[in-house]
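*Asks:* Predicted model and sequence follow; I will ask about them next.
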Amino acid sequence: MSETADWKQKYRDSLRETEAEEKRWREVEQVLRRLIGRLCAAALRAGDFVARIGGEEFAVLLHGLRLPDAVNIANQVRTAVQGLRFHFRGTPVRITASCGITELTREDASEQAFDRADAALYRAKSGGKNLCIAA
């Protein structure tokens with residue numbers, strides 16, 4: 001009976017630790033999202049648009065730019081993100097950004113352009129992360 005009670009207490013303590021750790025990581029993720037959002041905003045021009053579309057993913061609309069110029073801006077943001085110095089509990093945490101970039105043409109439906117950019121993003125992530133890939 002004592003062993004069962006000890007196991008239950010250890011499980012409860014472990015669960016509390018896990019929940020507390022999860023809460024701390026959620027707080028860290030919120031701070032990182034805000035930092036990255038600010039970096040994006042600093043690199044963009046009036047009329048450009050940034051929105052978080054889920055989790056750690058952002059959509060950025062760069063009005064009037066050709067694809068090579070958009071890739072250049074994405075790489076500037078990626079480099080700035082990579083340069084962030086962040087520590088969690090005294091341990092350095094490496095932060096990177098992966099970007100999928102496409103050009104919206106007159107013939108595109110917005111979903112087509114989004115799908116191309118999304119596919120390029122996943123190629124960047126599967127290619128080792130911290131990359132900008134154009135589609």
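*Replies:* Sure, I can see it. Residues are numbered from 1 along each chain as shown.
*Asks:* Which pLDDT value belongs to the residue most central in space within the chain?
*Replies:* With distances taken as CA atoms, centre = their mean, Glu56 lies nearest the centre of the chain, 3.5 Å away. Note on Glu56: pLDDT of 70.
*Asks:* What separation do you get for it and Val93?
*Replies:* In this view, Glu56 and Val93 are 14 Å apart by CB to CB, to the nearest Å. C-beta coordinates here come from the backbone N, C-alpha and C atoms, glycine included.
*Asks:* Same check on Glu103?
*Replies:* From Glu103 to Val93 the distance is 33 Å (CB to CB).
*Asks:* Tell me where the model's unsure across this structure.
*Replies:* For the chain, the stretches flagged by pLDDT under 70 are 1-17, 25, 28, 32, 55.
*Asks:* pretty sure the residue nearest to the centre of the chain is touching Arg34, no?
*Replies:* No: shown here, Glu56 and Arg34 do not form a contact pair, counting by CB atoms under 8 Å, at 11.9 Å.
*Asks:* what's the closest non-adjacent residue to Phe49?
*Replies:* Leaving aside its sequence neighbours, Phe49 sits nearest to Leu61 (CB to CB, 6 or more residues apart in numbering; 4.2 Å).
*Asks:* Dihedrals phi and psi, that neighbour?
*Replies:* When read as degrees, to the nearest 10, the backbone of Leu61 gives phi -110, psi 120.
*Asks:* tell me, how many neighbours does it end up with?
*Replies:* 14 (other CB atoms under 10 Å).
*Asks:* Correct me if wrong: it contacts Gly47.
*Replies:* No: using CB under 8 Å, Leu61 is not in contact with Gly47, being 9.0 Å away.
*Asks:* Pull the number of nearby residues for Gly47.
*Replies:* 9.
*Asks:* now it, nearest residue through space, not along the chain?
*Replies:* Leaving out its chain neighbours, the residue that sits closest to Gly47 by CB to CB, 6+ apart is His63, at 5.1 Å.
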